[in-house]
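J.: Got a predicted structure plus its sequence, pasted below:
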Amino acid sequence: QVQLVESGGGLVQAGGSLRLSCAASGRAISVYVMAWFRQAPGKEREFVALINRSGFSTTYADSVKGRFTISRDNAKNTVYLQMDSLRPEDTAVYYCALGGTYGYSDALYNYWGRGTQVTVSS
């Protein structure tokens, strides 16, 4: 059984930065695609970023492209999301997910963390 635990969320002013971490246990993440999703109040969960097994290929939602960076450290069994130039519309619960197929549909991901709250004030 895989467990994913997100950390690093918090309250930040617009224009600021946060770095989210997702630590995995129970299985090595090196054979899996890892992704970040988010869900704002009253909205459906949406794709943010994903990274392939090696870390050499990444994909971002248009809304975060150029501001967010996903990375992974397979030796530490951890994936990261560096978030810069944050905007109030980035406010959401951020979830990391683990799956076997490279894609942005949440249906592709088998394991999910419980999420970490990110709040961006204007």
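T.: Received the coordinates, thanks.

J.: Could you count how many residues lie near L108?
T.: 15 (other Cβ atoms under 10 Å). The way it works is simple: take the backbone N, C-alpha and C, and place the C-beta from them, glycine included.

J.: Dihedrals phi and psi, it?
T.: Backbone torsions for L108, taken as degrees, to the nearest 10, come to phi -80, psi -10.

J.: That one and L98 touch, don't they?
T.: No - L108 is beyond contact range of L98, at 10.1 Å (criterion: Cβ atoms under 8 Å).

J.: From F47, how far out is G103?
T.: Remark: distance between G103 and F47 (Cβ to Cβ, to the nearest Å) = 9 Å.

J.: middle-most residue in the protein, spatially?
T.: W36 (2.5 Å; Cα atoms, centre = their mean).

J.: Quickly find the element holding it.
T.: strand 33-39 (DSSP states H and E).

J.: ok, that strand: who's next to it in the sheet?
T.: Strand pairing for strand 33-39, determined by DSSP bridges: strand 46-51 (antiparallel), strand 92-99 (antiparallel).

J.: and A35, what is it in contact with?
T.: Contact partners of A35, counting by Cβ atoms under 8 Å, 6 or more residues apart in numbering, are F47, V48, A49, L50, I51, I70, C96, A97, L98, G99, Y104, Y109.
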